[in-house]
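[1] let's see this in three dimensions:
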Amino acid sequence: MDHEQAFELLPGYIDEELSLSESLEFERHLAGCEQCKRAYELQRQVSAQLRQNDLRMDAPPELAARIRAALPVQRSWWQRLGASFGGSGRLGGKGRAGGTGSAVGTLGWAPLGAMAVSLVALTWSAGLYLSMPSGDTRLTEELVDSHVRSLQFDHLYDVISTDRHTVKPWFDGKLDFAPPVVDLAQQGYPLVGGRLDYLNGRAVAVMVYRYKLHPINLYVWPGSEAGTTPHIYERQGYHLAHWSAAGMNYWAVTDAGESELNGFITDLRAHPAS
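    From the prediction side, this is the model:
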């Protein structure tokens with residue numbers, strides 16, 4: 001990354017709008033460039049000053065009153081319904097007196113027709129909302145997609161493991177937490193590497209294990225959203241397991257069988273460092 005690219009990414013980095021890979025690339029450039037460090041610090045200070053409360057000004061009371069007076073009056077649904085029925089009755093009566101009750105009375109029912117259409121649309125929207133996947137379903141879909149991407153693009157790991165002492169220090173400074181790293185080579189699940197990923201709206205640690213030819217992605221981030229007992233799912237031909245321990249969320253994803261994944265989880269949870 002050169003200076004021009006860094007300056008283009010600087011505002012997005014300060015506002016936390018960059019992707020994980022862009023942020024990491026920008027931070028690597030920033031670590032070795034004094035000129036960009038000074039530019040970053042200057043823009044960070046300006047951004048912080050603009051957020052200060054003393055730069056904000058309340059609108060004068062008379063301006064606020066004029067704005068409120070100019071806004072349209074919001075009537076409740078019941079008020080609008082009552083007005084529709086009331087308007088229908090008056091129009092119908094006038095029609096009887098003037099001999100045009102049929103034409104005018106029909107107009108009185110027009111708001112009711114519009115409300116019926118609105119009710120149908122509301123019912124359809126509610127059905128659509130209820131048919132949307134839940135948070136857990138979306139998360140499992142994200143996990144499977146992440147696992148598949150790591151295989152398709154040959155990006156299983158950012159750091160290759162010789163042992164757990166290679167992978168664990170690699171995460172230092174890249175995350176706001178220290179993930180527990182365990183090597184299960186003696187149990188038949190060697191640790192082959194680690195990487196960063198973005199999942200569930202945050203950066204997470206991924207430890208990559210193997211069982212024979214089957215990779216196992218173990219995703220870890222702070223939290224206790226699941227119980228301590230692992231639950232194994234099957235999605236799109238992959239097996240997933242979810243549990244929490246010691247203030248960390250764990251998700252394991254693999255194309256290996258359920259019994260192999262269960263053995264991996266048992267050995268991992270039995271390890272003192274996990």
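[2] quick check: the gap between L42 and I14.
    Counting by CB to CB, to the nearest Å, the separation of L42 from I14 is 11 Å. No exception for glycine: its C-beta is placed from N, CA and C like everyone else's.
[3] more neighbours, the two?
    Legend: neighbour count by other CB atoms under 10 Å for L42 and I14, higher for I14 (15 against 11).
[4] so what's that one up against?
    Going by CB atoms under 8 Å, 6 or more residues apart in numbering, I14 touches Y40, Q43, R44, S47.
[5] quick one: the helices in this protein?
    All helices of the chain, identified by DSSP state H, fall at 3-14, 20-31, 34-50, 61-70, 77-98, 101-108, 110-131, 135-152, 164-170, 258-270.
[6] pLDDT weak spots in the stretch 51-200 of the chain?
    Scanning the stretch 51-200 of the chain for pLDDT under 70 picks out 51-56, 74-136, 153-154.
[7] go with 80
    Along the stretch 51-200 of the chain, segments meeting pLDDT under 80 span 51-59, 71-137, 152-157, 161-164, 200.
[8] domain assignment for this protein?
    3-52, 80-131, 135-270 (automatic domain parsing).
[9] ok now the longest one, how far from the chain's centre?
    Taking CA atoms, centre = their mean, to the nearest Å, one finds the center of domain 135-270 at 19 Å from the center of the full chain.
[10] again, but for the shortest one
    Distance of domain 3-52 from the chain centroid (CA atoms, centre = their mean) equals 23 Å.
[11] next: stretch 43-62.
    That offset, for stretch 43-62, works out to 29 Å (CA atoms, centre = their mean).
[12] how about it as PDB, C-alpha atoms only?
    Only the C-alpha atoms of stretch 43-62 are listed here, as PDB (Å, rounded to 0.1, in the frame of the first residue of the first chain):
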ATOM      1  CA  GLN A  43      -7.600  13.700  11.300                       C
ATOM      2  CA  ARG A  44      -8.500  11.700  14.400                       C
ATOM      3  CA  GLN A  45      -8.200  14.800  16.500                       C
ATOM      4  CA  VAL A  46     -10.400  16.800  14.100                       C
ATOM      5  CA  SER A  47     -13.000  14.000  14.100                       C
ATOM      6  CA  ALA A  48     -13.000  13.900  17.900                       C
ATOM      7  CA  GLN A  49     -13.400  17.700  18.100                       C
ATOM      8  CA  LEU A  50     -16.400  17.600  15.700                       C
ATOM      9  CA  ARG A  51     -18.100  15.200  18.000                       C
ATOM     10  CA  GLN A  52     -17.900  17.400  21.000                       C
ATOM     11  CA  ASN A  53     -21.200  18.600  22.500                       C
ATOM     12  CA  ASP A  54     -20.200  22.200  22.700                       C
ATOM     13  CA  LEU A  55     -20.300  22.500  18.900                       C
ATOM     14  CA  ARG A  56     -23.900  21.600  18.800                       C
ATOM     15  CA  MET A  57     -26.600  24.400  19.000                       C
ATOM     16  CA  ASP A  58     -30.200  23.900  20.000                       C
ATOM     17  CA  ALA A  59     -32.900  25.400  17.700                       C
ATOM     18  CA  PRO A  60     -34.600  28.600  19.100                       C
ATOM     19  CA  PRO A  61     -38.000  27.900  20.700                       C
ATOM     20  CA  GLU A  62     -39.900  30.000  18.100                       C
END
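[13] I'd say Y238 and A256 touch.
    No. Contact criterion CB atoms under 8 Å: Y238 and A256 do not qualify, at 9.1 Å.
[14] neighbour count winner among those two?
    Neighbour totals were compared for Y238 and A256, and A256 leads with 22 against 18 (other CB under 10 Å).
[15] for the stretch 151-274 of the chain, just list every one of the strands.
    Here the stretch 151-274 of the chain has its strands, by DSSP state E, counting those that start in this stretch, at 159-160, 191-199, 202-211, 214-222, 231-235, 238-245, 248-254.
[16] who's in contact with the fourth one?
    Spelled out, it's strand 214-222. With CB under 8 Å, 6+ apart as the criterion, strand 214-222 contacts 143, 146-147, 150-151, 156, 177, 179-180, 189, 192, 197, 199-200, 202-210, 247-256, 260-261, 264, 268.
[17] recalculate using a threshold of 6 Å.
    Identification of contacts with strand 214-222 by CB atoms under 6 Å, 6 or more residues apart in numbering yields 147, 156, 177, 179, 204-209, 248-256, 264.
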